[in-house]
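Chemist: A predicted structure for the sequence below; I have some questions about it.
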Amino acid sequence: MQETIKRKPKRKGKKIPFAYYMMVVPIGILFFIFHTIPFLRGVFYSFTDWSGYGTWKFVGLKNYLYMFGNSNITHAYWFTFKFALFATILVNAIALAIAVGLNGKIKYQNFLKAIYFLPYMLGSLIVGFVFKFIFGNMLPSLGRALHWGFMSSNILGTTHAWVGILIMTIWQGLAFNTLIYLAGLQSVDPEIYEAAALDGVNPWQKFMRLTFPLIAPFFTINLVLSVKGYLMVFDQIMAMTNGGPGNSTTSISVEIYTQGFQGSQFAVQSANAVVLFIVVLTISLIQLRVLNKREERLG
Amino acid sequence: MVEINLKHIYKEYDGNDSYSVSDFNLDIKDKEFIVFVGPSGCGKSTTLRMIAGLEDISKGDLVMDGKVINDLAPKDRDIAMVFQNYALYPNMTVFDNMGFGLSIKKMPKDEIKKRVDNAAEILGLTDFLQRKPAALSGGQRQRVALGRAIVRDAKLFLLDEPLSNLDAKLRVDMRTQIAQLHQRLQTNMIYVTHDQVEAMTMADRIVIMNDGKIQQVGTPDELYNKPTNKFVAGFMGSPSMNFFDAELKNGRVSNGRGLDVAVPEGRLKVLREKGYDGKKLTVGIRPEDIHTEQVALEAMPDAVVSAKVEVSEFLGTDSMLYSRTGETEFVAQVNARDYHKPGEEVEMAFEMSKAHFFDDETELTIE
Amino acid sequence: MQANADLNNNTPAPRKSKKRKKKVNWTLTSVMMVLAIFAILGPLYITIVIALKDPSQMSNVLSLPKQIHWENFKNAWQMTNFPKMFLNTLFITVVNVIFTIFTNSMAAYVITRYRLKNKFFNMMYYYFISAMFIPFNVIMLPLVKEVSAFHMDNIIGITFLYIVFGLPQNIFLYSGFVKEIPTALEEAAEMDGAKPMQIFFKVIFPLMKPMHATVAILSFMWTWNDFLMPLVLLSNPDQQTLQLAQYVFQGQFSTQYNLAFASYVLVLLPVLIMYVFFQKYIIAGVTSGSVK
């Protein structure tokens, strides 16, 4: 984008007809009213003690300081980071493996691709309910029948509940990531592999030295979207544990929702939302920077 | 009756200090076929787009039939345009592509059909009217683009490098077709190209541009035989004219690096009158004015050099001899029957009566 | 891309993959097949089987039903007020897709075309692109206040919000596409006498078809499966979506798993049917939406 700006003259010297403004400005104003204003109001409330109604006064950074001292909120951050980290790594590693498999010399490739992509189509809430049943009823009864102790209780009721949520998230998250990796693998010119074969490259070297660098842009897309998505995790937790047991699986989004709407922490949760925004923004920008740099190096 | 006058037209882009087009003056007569030619970036397309109304005119007046039309919207100028990449609407059939402008103007359906059918007939597109552009060959797309202009029945046709995307053979065919079209439609046409062959073969008058400025306006013959400066001389003609930086002394021009030939009396007189005796100047001679036949060598004994052929290109009737005398390289275009192998030493006569002389500083023709 | 190909007569023909005998790797094929069947289709199989059973057949969850209990669907249908929720969701989805395609493509076209020539549109471009970094979760608290103040906490209100909120992503998607459309097309249309709206709707809009498909699929998936926005914005029981209704009715199902799963199937079915028919386009659309 940058280059085109430099290359082209800034203004072609032709007036832009009014009609073109009419194609952008009204919807732009609506976007401002319903997206930007709430955002700015959220930032504003985070410096007040507003409870969602009634009077308010400025409290400075009190809400932010309160956040750091509140064990529920700090735990939500801890849980969310842990969850996002594991989900991102596992989803991407497994998705890449599946994509490599799908890109191999296999039969029924399109059919298999369609099957692996299927979970993307399903709402996380319903998938969460189904997995809640699998973890809560099916596996325990199977475990009891087989006398496998570790499987005879509901994992979602234990301190390992987050693993259950993680498994369901991986099951669903694989679909999209696999599709993107597959698109990446298919974009590689087969002649490169033929040339590598002539150079006597072994399969592992082939993957690490050729395939992976060539699909680096796809890796970037997946990583950025995964992290952003998993930091927002909400639907599956609401479906499977409602944040429990206790508050062990309460993510930041769940915390904002439950305490901000049902609790009385409107202002505190506004501050929480602002921090979440800063976290997501920072992580996304760092990722884009680091990964783009690496792509340049590899390319 | 259409007359177009371009009066001191300038084009300036924001953030760009120099003018993209400066002081462009041209009067176009009725039914004339004008070609703008020049290297890429010389401002020829910008000028065309200003005439079309796709670019604003920074300074100067564009006058059509006595009225200044600088601020008129393109659609009100009664101008049709053919674009370099044809710009056919991919989602419409050939018929709809040609009829689009008319249907925008709310012309009755049967009138549109009449006009489109007529244009299709002229261009041999009748069988393709229901196809989409993607299903046409390059030449057919080009004709649809022409058809789109024809149906408009506009006062002025603008063609922006319309043949540059076609292969060599098609380009020659289309050149003839466009020339015939001009005969038939009897409208004004302005045709932009970077190809001097197209300009030479099609134009009534050529406008040759460089660096945003007009270099010369004239008929193909004038530009070829009486170029006003070194740029025009070098641009027109293929292969290009040979240029030598030389000094005029004792009735001979020599560059001290192998070239040393006599200047015929008539030309010498002019050069001396203008005060170039003993001074530096640039000599230009076209490849076809360098000869190897015995009869020429005998006729011009004091303009013969001995040169070594380095590359010899056989072109059927002619052959190109890329040669060197001393440290001076030049190209000669000779009859193919007079064949010379690379490495051969050949006597060559420079027909200096047809040479061109340019001032060393201003690069203007000395006359 | 399509547009470009049509205008260039020297488009390279798609590279034909060399017709060498492709040796099928059967081991890999079976591994991928087994994994697909157990890991991916397994949970779906469980869902459907449970939905067709009655509680007495639940001792072996994985077995096929001995007797198919279609009445589960009938009961779930009534219990969750399925027709009403379905129509609500359908309304939101369809209206959102249609309006999104028209309004967002229009804005994206103008912004992309004129942002290099005009500061205002360039500003708009960066405004929308930076808005992509603000997730819904961040604005939902104040938004709920604003929406209820405007009395927009209903189906129509939320539809409207979907159309507006999709703007940043869709501008991003369309913008990559618009850049590929040669400006000569608009200039030709301008010479043909078309006005801005005519240029857009008669020339540009039809060319954007492949991107419309992508945007339509992504908008559809978003609204059909969205849970958070309906959860915080829609409170009236008559104004709920399928996903939200599922959440609300969880408690009522308690241990009636067969009913619950029947209602899940009812919600999943429209999407699954669509997937079976349009699988190729959906996959292509999602891919082209993410990969440039």
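Modeler: Done, it's in. Residues are numbered from 1 along each chain as shown, chains lettered A, B, ... in the order given.
Chemist: Could you tell me how many residues sit around A:Ile98?
Modeler: A count of neighbours around A:Ile98, defined by other C-beta atoms under 10 Å in any protein chain shown, yields 25. Backbone N, C-alpha and C define where each C-beta goes, glycine included.
Chemist: so where is the chain shaky, pLDDT-wise?
Modeler: Here I'm looking at chain A. Along chain A, segments meeting pLDDT under 70 span A:1-14, A:295-299.
Chemist: my question was about chain B
Modeler: When residues are selected by pLDDT under 70, those of chain B lie in B:1.
Chemist: and the residue in the stretch 101-250 of chain A positioned nearest to chain C, backbone torsions?
Modeler: Closest approach between the stretch 101-250 of chain A and chain C, counting by C-beta to the nearest C-beta: A:Gly123, at 3.6 Å. Main-chain torsions, A:Gly123, degrees, to the nearest 10: phi -60, psi 140.
Chemist: Give me the distance between B:Asn335 and B:Glu293.
Modeler: Here the criterion is C-beta to C-beta, to the nearest Å. By it, B:Asn335 lies 7 Å from B:Glu293.
Chemist: before we move on, the earlier item: if I pick the nearest residue to the residue of the stretch 101-250 of chain A closest to chain C once chain neighbours are set aside, what's in contact with it?
Modeler: Spatially, and ignoring its direct neighbours in sequence, A:Gly123 is nearest to C:Asn225 (3.6 Å; C-beta to C-beta, 6 or more residues apart in numbering or on different chains). For C:Asn225, the contact set (C-beta atoms under 8 Å, 6 or more residues apart in numbering or on different chains) comprises A:122-125, C:243, C:271.
Chemist: surely C:Ile50 meets C:Leu259?
Modeler: No. Using C-beta atoms under 8 Å, C:Ile50 is not in contact with C:Leu259; the gap is 9.9 Å.
Chemist: and B:Lys213, what does it touch?
Modeler: B:Lys213 is in contact with B:22-24, B:43, counting by C-beta under 8 Å, 6+ apart.
Chemist: Check whether B:Phe358 sits in a helix, strand or coil.
Modeler: strand (DSSP: H, G, I helix; E, B strand; the rest coil).
Chemist: In the sheet, which residues pair with it? Tell me.
Modeler: Counting by DSSP bridges, B:Phe358 forms beta bridges with B:Thr282, B:Thr365.
Chemist: what about it, how many neighbours?
Modeler: B:Phe358: 23 surrounding residues under other C-beta under 10 Å.
Chemist: Could you check which helix or strand contains the residue nearest to the spatial centre of chain A?
Modeler: In chain A, the centroid-proximal residue (C-alpha atoms, centre = their mean) is A:Gly229; its distance is 1.7 Å. Following DSSP states H and E, one finds A:Gly229 within helix A:216-231.
Chemist: Please see if that helix touches chain C.
Modeler: Yes. Using C-beta under 8 Å from any C-beta of the partner chain, helix A:216-231 reaches chain C at A:218, A:221, A:225, A:228.
Chemist: among those residues, who's most crowded?
Modeler: When neighbours are taken as other C-beta under 10 Å, the top entry among those is A:Phe218 (22 neighbours).
Chemist: My read is that that residue contacts A:Val188, right?
Modeler: No. In this structure A:Phe218 lies outside contact range of A:Val188 using C-beta under 8 Å: 10.3 Å.
Chemist: who touches the residue lying closest to A:Pro17 once chain neighbours are set aside in this structure?
Modeler: Excluding the flanking residues, the one nearest A:Pro17 by C-beta to C-beta, 6+ apart is C:Pro196, at 4.9 Å. By C-beta under 8 Å, 6+ apart, C:Pro196 lies in contact with A:17, A:19-20, A:23.
Chemist: for chain B, which helix is longest?
Modeler: helix B:168-185 (DSSP state H).
Chemist: then it to CSV, C-alphas only?
Modeler: In CSV, the C-alpha atoms belonging to helix B:168-185 read as follows (Å, rounded to 0.1, in the frame of the first residue of the first chain):
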residue,chain,number,x,y,z
ALA,B,168,2.6,-7.9,-34.1
LYS,B,169,0.5,-9.3,-37.0
LEU,B,170,-2.8,-8.3,-35.6
ARG,B,171,-1.5,-4.8,-34.9
VAL,B,172,-0.8,-4.4,-38.6
ASP,B,173,-4.3,-5.6,-39.6
MET,B,174,-5.9,-3.3,-37.0
ARG,B,175,-3.9,-0.4,-38.2
THR,B,176,-5.4,-0.7,-41.6
GLN,B,177,-8.9,-1.2,-40.1
ILE,B,178,-8.7,1.9,-38.0
ALA,B,179,-7.4,3.9,-41.0
GLN,B,180,-10.3,2.7,-43.1
LEU,B,181,-12.7,3.5,-40.2
HIS,B,182,-11.5,7.0,-40.2
GLN,B,183,-12.1,7.3,-44.0
ARG,B,184,-15.6,5.9,-43.5
LEU,B,185,-16.7,7.8,-40.4
